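Undergrad: based on what follows, work out the 3D shape:
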Amino acid sequence: MNVITCIAPVNIAVIKYWGKRDESLILPTNDSISATLDTDQLHAKTTVMISQDFKEDCIWLNGREEDIKNPRLQNCLKEIRKRSQLSGNMNDWKIHICSKNNFPTAAGLASSAAGYACLAAALAKLYRIEGDISVIARSGSGSACRSVMGGFVRWYMGFDKYGTDSLAKQIVPASHWPEMRILVLVVSDEQKKVPSAIGMKRSLETSELLQHRIMHTVPERANKIQQAIVEKNFKTFAELTMKDSNEMHATCLDTYPPCVYMNDISNSIVNLIHSYNDAVNDVKVAYTFDAGSNATLYLLEKDVSAVVGVLDYFFPPLENAENLEYKRGLPINASEPSQNLLEKLNLRKHPPGQLKYMIYTKVGDGPKYFVNPEDHLLDGQGNPINYP
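TA: So this is what the prediction gives:
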């Protein structure tokens, strides 16, 4: 087979990766920990194809041809061809790549992580590479190395200057904590003004708080949250998740000039989550924000109905939201909040439409391959098949 198609998941970090100690090798300044989200709801899909008839390498992303000379993409292809197990002159054949996401790209929802994990997984199979592929994924996008496996994953920063020990390893599989659920609240699906790579570089150069984070906060916090995941201790997991998100965004504000990723609605979500936890006198839900305005909430399955009911009340959807697929992913039955709870929360209700939509999902597995030719994104000549 000279064509491979696969899907790969999004991962959302609970201990954030923010800063590189080596830009070209994409080596992080600290460990990071994430949950892999179920590919049934959020994924990148990629088809790769090689042929002796292709005149040049090409890539299409979400229906548009992109620059194949993108340095990160070239890093990935270089790493793959270096390890290739193909025979004869097949390594010299040109490659066509077609990829699409079923969620907003470059909006702070880890699209590059899913995309490069998918590319690495597809290329590894095409070039018959076995073993750890997290280094290949990392050469395209740092956090992509966490998306090549399922469950909860830790990316170790490593200490070798060439990055040989900067690897992702699974902490526990998805089946370990089956009650864990995730709500992605899409505040904006527009491309962010300051890309993560630029923001990280600026923070590393100017933020004193980032240096404190690297040296003192993250090493201890990462070990504590890993233990909480293993022990399924939701309260500790939730508190550490929120603290780490807050610290990453505080670092972005401590950067000069500052990188502002969260907006007023993001901050309102933060206030609502803390108010809700206080009102029920327990830690029932945690928020985390990557480099964008969209919120990811971690909570247990038994609390989803109540939390979504509260979200619906304070962030009501537009009247025609059902037609716009406002609630996506797993089915949700929201329960209406009691008057007593609303009085305890004592927050103002937002006008309809402040959240574009929400995605309800769970922790899932790593990349999956397709064998049916109908699933390919490229036709027999290596051209993109029309898709929405």
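
Undergrad: name the SS class of residue 223, please.
TA: helix (DSSP: H, G, I helix; E, B strand; the rest coil).

Undergrad: and it, how far from residue 233?
TA: 13 Å (CB to CB, to the nearest Å). Where you see a C-beta, it was placed from the backbone N, CA and C, and this is true even at glycine.

Undergrad: any weak-confidence spans in the stretch 201-350 of the chain?
TA: Scanning the stretch 201-350 of the chain for pLDDT under 70 picks out the ranges 321-324.

Undergrad: do a quick rundown of the helices in it.
TA: All helices of the stretch 201-350 of the chain, identified by DSSP state H, counting those that start in this stretch, fall at 208-212, 218-231, 234-254, 264-279, 304-314, 339-345.

Undergrad: reformat those helices as CSV; add distance to residue 32 and mean neighbour count.
TA: Converted to CSV, the helices of the stretch 201-350 of the chain look like this (distance: least, CB to CB, whole Å; neighbours: other CB atoms under 10 Å):
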stretch, distance to residue 32, mean neighbour count
helix 208-212, 14, 16
helix 218-231, 8, 18
helix 234-254, 9, 21
helix 264-279, 21, 18
helix 304-314, 26, 20
helix 339-345, 33, 13
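
Undergrad: nearest to residue 95, of those?
TA: When these are compared by CB to CB, helix 234-254 sits nearest residue 95, at 35.7 Å.

Undergrad: what's the angle from the closest one to helix 264-279?
TA: 150 degrees (axes from the mean of the first three to the mean of the last three CA atoms, to 10 degrees).

Undergrad: now helix 234-254 against helix 218-231, angle please.
TA: Using the same axes, to 10 degrees, the direction of helix 234-254 lies 150 degrees away from that of helix 218-231.

Undergrad: now do the contacts for the closest residue to residue 302 other than its chain neighbours.
TA: Leaving aside its chain neighbours, residue 302 sits nearest to residue 179 (7.2 Å; criterion: CB to CB, 6 or more residues apart in numbering). Applying CB atoms under 8 Å, 6 or more residues apart in numbering, we find residue 179 in contact with 232, 300, 301, 302.

Undergrad: from the residues you listed, pick the one nearest residue 194.
TA: Looking across those and measuring by CB to CB, the closest to residue 194 is residue 300, at 34.0 Å.

Undergrad: mind checking how far that closest one is from residue 181?
TA: Relative to residue 181, and taking CB to CB, residue 300 is found at 7 Å.

Undergrad: residue 89 belongs to a strand, doesn't it?
TA: No: the assignment for residue 89, made by three-state DSSP, is helix rather than a strand.
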